[in-house]
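*Asks:* Build the 3D model from these lines:
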Amino acid sequence: MALIKTVRGITPMIGDDCFLAENAAVIGDVVIGNGCSIWFGTVLRGDVNSIRIGNGTNIQDGTVIHTLYQRSITTIGDNVSIGHNVTIHGAEIKDNALIGMGSVVLDHAIVGEGAIVAAGSVVLGKTQIPPNTIWAGVPAKYIKDVDPEQAKEINQRIARDYHMYASWYTE
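*Replies:* Numbers count the residues shown, from 1 in each chain. Next up is the predicted model:
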């Protein structure tokens, strides 16, 4: 069973049909939607401000999600894939986006719907990534547009795949 910890009188809320790995930590003001998967070694630390995660989202191994006290919150939409070892700090990730492995997304950044942040990228604070675009690099910069239907299909397929992988752990 994952570590689910009440902090400052606030207990995390977890939706239906979610997988939380045994060594994931979900702390404080965290709300997780339905059909999500929170993988091994992931920390969702809502001790200083809120973290909101939509439906069908997967947050992969080693990811850390946090915020700034009284200055930022983290919001992650539906069917989002957060790759292994990502750091998201006080940012907003819109529906059907993908954050590649090892990326960092900083306070007040917004990753648009269907956008892709390439592996190893650093999205600086207050960066606004438009919908259906690919960004990469350190710091992350615009690479190209993506066909909205293609981005949605790819990102929703990854989200469905992770929902399937999570089911293997409940057998």
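
*Asks:* residue contacts, the closest residue in space to residue 100 that isn't next to it in sequence?
*Replies:* Nearest non-adjacent residue to residue 100, counting by CB to CB, 6 or more residues apart in numbering: residue 119, 3.5 Å away. For every residue, glycine as well, the C-beta is placed using N, CA and C. Neighbouring residues of residue 119 by CB atoms under 8 Å, 6 or more residues apart in numbering: 83, 100, 101, 102, 103.

*Asks:* where are the low-confidence patches of this structure?
*Replies:* The model of the chain has pLDDT under 70 over residues 171.

*Asks:* Let's see the host helix or strand of residue 153 as PDB, backbone CA atoms only.
*Replies:* Using DSSP states H and E, residue 153 sits within helix 148-168. Presented in PDB, the C-alpha positions along helix 148-168 are these (Å, rounded to 0.1, in the frame of the first residue of the first chain):
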ATOM      1  CA  PRO A 148      -4.000  17.900 -33.000                       C
ATOM      2  CA  GLU A 149      -5.700  14.500 -33.800                       C
ATOM      3  CA  GLN A 150      -2.300  12.700 -34.100                       C
ATOM      4  CA  ALA A 151      -1.200  14.200 -30.700                       C
ATOM      5  CA  LYS A 152      -4.500  13.300 -29.000                       C
ATOM      6  CA  GLU A 153      -4.400   9.700 -30.400                       C
ATOM      7  CA  ILE A 154      -0.800   9.100 -29.300                       C
ATOM      8  CA  ASN A 155      -1.200  10.600 -25.900                       C
ATOM      9  CA  GLN A 156      -4.500   8.900 -25.200                       C
ATOM     10  CA  ARG A 157      -3.000   5.500 -26.400                       C
ATOM     11  CA  ILE A 158      -0.100   5.900 -23.900                       C
ATOM     12  CA  ALA A 159      -2.600   6.800 -21.100                       C
ATOM     13  CA  ARG A 160      -4.700   3.600 -22.000                       C
ATOM     14  CA  ASP A 161      -1.500   1.500 -22.100                       C
ATOM     15  CA  TYR A 162      -0.500   2.700 -18.600                       C
ATOM     16  CA  HIS A 163      -4.000   1.900 -17.400                       C
ATOM     17  CA  MET A 164      -3.600  -1.600 -18.800                       C
ATOM     18  CA  TYR A 165      -0.100  -2.000 -17.200                       C
ATOM     19  CA  ALA A 166      -1.500  -0.900 -13.800                       C
ATOM     20  CA  SER A 167      -4.100  -3.700 -14.100                       C
ATOM     21  CA  TRP A 168      -1.400  -6.200 -14.100                       C
END
